[in-house]
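> Give me coordinates for this.
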Amino acid sequence: MAPSAGPVPAVPAARVELLVTSGTFTLDGGSWDVDNNVWLVGDDSEVLVLDPAHDAEAVAAAVGGRRVTAIVCTHAHNDHVNAAPALAERTGAPILLHPDDLTLWRMTHPDREPDGPLKDGDVLHVAGVDLHVLHTPGHSPGAVSLHAPALDTVFTGDTLFAGGPGATGRSFSDFPTIVDSIRERLLTLPPETTVRTGHGDSTTVGTEAPHLAEWIARGH
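Modelled structure (predicted):
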């Protein structure tokens, strides 16, 4: 008689969806055309929205009839938060932001504060999945990443891209700080972890980790 199989691990019902929106990024007197990745994590009933950019109507259409549990801003550059208040008004969901980025937030939304803080170590829940908040400053003071171990995914905003760190040449950014964040908080994740970025293509921790020394040399 063959031995009976053990319990089958539960597979999370949550999935990751991508919406790309287009608009402008404005800071330090300059303006650039950009395409932004808006990430949705959830199932058929509820969803969490990361970085609603440029077009609240398009994001709302992607959400459909699902309940929005939270609107999470990985940082407060205008191209990552400009549609957040309109989406919050439509859905009733709270906007969450790390307090260290409030100065940047107020440049775009001087009359509307976020609804709650994101802090390092916080855990957000949606569709049976936990998203762990990692404070990863450097691109901005309050930049965060969200690690979803059950989905083998980390959402890095503009901290880590396919090919290296996010930009640090503008106000409120710092290259040594972003390198420390990537080295200590992101490259320590399992190598198979998918890195879902704020712009452009996704990558993996294992793909990016070997190039840390090159980035440091390039940045000095």
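
> Tell me, what's the model's pLDDT at the residue nearest to S45 when sequence neighbours are not counted?
Leaving out its chain neighbours, the residue that sits closest to S45 by CB to CB, 6 or more residues apart in numbering is R66, at 6.1 Å. For every residue, glycine as well, the C-beta is placed using N, CA and C. Looking at R66, its pLDDT stands at 98.

> OK, contacts around R66?
Contact analysis of R66 by CB atoms under 8 Å, 6 or more residues apart in numbering lists 42, 44-47.

> out of the residues you listed, which are buried?
42, 46-47 (16 or more other CB atoms under 10 Å).

> Sort out for me which of the residues you listed are in helices.
Of the positions in those, not one sits in helices, assigned by DSSP state H.

> any chance of those residues in a markdown table, plus pLDDT and distance to V144?
Putting these into a markdown table (pLDDT from 0 to 100; distance: CB to CB, whole Å) gives the following:
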| residue | pLDDT | distance to V144 |
| --- | --- | --- |
| G42 | 98 | 19 |
| E46 | 98 | 21 |
| V47 | 98 | 19 |
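
> The helix or strand of the chain with the lowest mean pLDDT - contacts with which helices or strands?
Sorted by mean pLDDT, DSSP states H and E, the helices and strands of the chain end with helix 212-219, the least confident at a mean of 86. Here helix 212-219 is seen to pack against strand 164-165, helix 175-181 when contacts are counted using 3 or more CB pairs under 8 Å, 6 or more residues apart in numbering; DSSP states H and E.

> Below-threshold pLDDT in the chain: ranges please.
Counting by pLDDT under 70, the chain contains low-confidence residues at 1-12, 220.

> In it, mark out all the helices, start to finish.
In the chain, the helices defined using DSSP H lie at 56-63, 78-81, 84-91, 102-108, 175-181, 205-208, 212-219.

> Quick one, which of those helices gets closest to H147.
The stretch from the helices of the chain with the least distance to H147 (CB to CB) is helix 205-208; that distance is 10.3 Å.

> Just give the nearest non-adjacent residue to H80, would you?
Counting by CB to CB, 6+ apart, D51 is the residue found nearest to H80 once chain neighbours are left out, at 4.4 Å.

> Which stretches in the chain count as strands?
Under the criterion DSSP state E, the chain contains strands at 15-27, 30-42, 46-50, 67-72, 95-97, 116-117, 123-126, 129-135, 144-148, 153-157, 160-161, 164-165, 194-197, 203-204.

> mind listing what the third one pairs with, with the direction of each?
Applying DSSP bridges to the sheet, strand 46-50 is found paired with strand 30-42 (antiparallel), strand 67-72 (parallel).

> Most tightly packed of the helices and strands packed on helix 212-219?
By mean neighbour count, with neighbours taken as mean count of other CB atoms under 10 Å, strand 164-165 ranks first of those at a mean of 22.

> so who does T194 touch?
With the criterion set at CB under 8 Å, 6+ apart, T194 makes contact with 151-154, 202-204.

> Please name the bridge partners of it.
With DSSP bridges as the criterion, the beta-bridge partners of T194 are T153, T204.
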